[in-house]
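Peer 1: for reference, the sequence and a predicted model appear below.
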Amino acid sequence: MAGDFSLRAASVTNPNMHVAVVGAHGKIGRLLVPILSRAGHRVRAIIRDPNQADALSALGGEPLVVDLEGDVSGSVGGCDAVVFTAGSGGHTSGDKTLLVDLWGAIKMIRAAEAAGVDQFVMVSAIGAIDPDRGRERIRHYLVAKRVADDELERSPLVHTIVRPGRLTDDPGTGQVLAGEDIGYGDISRHDTAETLVACIGEPRAFGKSFSVIAGDTPIAQAVRAL
Ligand SMILES: NC(=O)c1ccc[n+]([C@@H]2O[C@H](COP(=O)([O-])OP(=O)(O)OC[C@H]3O[C@@H](n4cnc5c(N)ncnc54)[C@H](OP(=O)(O)O)[C@@H]3O)[C@@H](O)[C@H]2O)c1
């Protein structure tokens, strides 16, 4: 676990930050990039397929092609914060879970450390708190997420680990339930993206690991109450 987050708070509360989004063409990523851009942040949109570059530019991002299965060093240089929202998805085999969700995440954490990034926001999963209680079909995925989370918590980075419940494509409500022990539930990708944005540069989110599901507290208020 990194030490005194308050000492570094001043450097990450700038409203015009340079934020890297890893997995920028994913369903959450494509919601997150324009929200960050509209909020005044400069957004490095990390994708693996060069054919996705124009779409990310149109959303307000600056595309950078990086494959998490390859060399990621240098990919987040100059950034103040990194949001990791990449994932191998439910239709790939277990080797991709290892290579992307586990090893890709750990490589990105180490790249962020080497680059002097201040805050690393990880999109984890609610079941990663206790993988042994997860459904057998996804237990290996939950282990991968948990081990990457543990690596981030041990790193010197200012970490924020956001553990959404089951993701839906429902419209956003702007309201969530967030906390350490809130049970299971669904949450829309839109409200998840808004929660991630609310955590960036927010001192109350520094050094925190929390779950988030649909709820009735305005997102900024829920994050400030962490
Ligand atoms: N599904 C759920 O219910 C659930 C619940 C909790 C948490 N999560 C987590 O939420 C996050 C995002 O969810 P989502 O719905 O936005 O997922 P998604 O649409 O599948 O997006 C994942 C992104 O990761 C990218 N990616 C995969 N392998 C890569 C590689 N080798 N190098 C670079 N990028 C790579 C994909 O690129 P391509 O566009 O090229 O495929 C895709 O854009 C993931 O971390 C996931 O584990 C999911």
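Peer 2: Alright, I've got the coordinates.
Peer 1: report the contact partners of the nearest residue to Ser124 once chain neighbours are set aside.
Peer 2: Closest residue to Ser124 apart from its sequence neighbours, by C-beta to C-beta, 6 or more residues apart in numbering: Arg163 at 4.5 Å. No exception for glycine: its C-beta is placed from N, CA and C like everyone else's. Arg163 makes contacts with 124-126, 128-129, 209-212, as judged by C-beta atoms under 8 Å, 6 or more residues apart in numbering.
Peer 1: distance-wise, check Arg163 relative to Leu157.
Peer 2: 17 Å (C-beta to C-beta, to the nearest Å).
Peer 1: longest helix anywhere in this structure?
Peer 2: The residue-count maximum for a helix in the chain (DSSP state H) belongs to helix 139-154.
Peer 1: got the CA positions of the following helix or strand past that one in CSV?
Peer 2: Using DSSP states H and E, the helix or strand that directly follows helix 139-154 along the chain is strand 158-164. Extracted as CSV, the C-alpha positions of strand 158-164 are listed here (Å, rounded to 0.1, in the frame of the first residue of the first chain):
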residue,chain,number,x,y,z
VAL,A,158,-2.0,6.7,-5.7
HIS,A,159,-4.5,4.0,-6.4
THR,A,160,-8.3,4.1,-6.8
ILE,A,161,-9.8,0.7,-7.3
VAL,A,162,-13.4,0.8,-8.6
ARG,A,163,-15.3,-2.5,-8.4
PRO,A,164,-18.5,-2.2,-10.5
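Peer 1: can you list the strands that strand 158-164 pairs with?
Peer 2: Strand 158-164 pairs in its sheet with strand 119-123 (parallel), strand 208-214 (parallel), by DSSP bridges.
Peer 1: turn the ones you listed into a markdown table, including mean neighbour count and distance to the ligand.
Peer 2: What follows is the strands paired with strand 158-164, written out as a markdown table (neighbours: other C-beta atoms under 10 Å; distance: least, C-beta to the nearest ligand atom, whole Å):
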| stretch | mean neighbour count | distance to the ligand |
| --- | --- | --- |
| strand 119-123 | 27 | 4 |
| strand 208-214 | 21 | 10 |
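Peer 1: thank you kindly, that will do.
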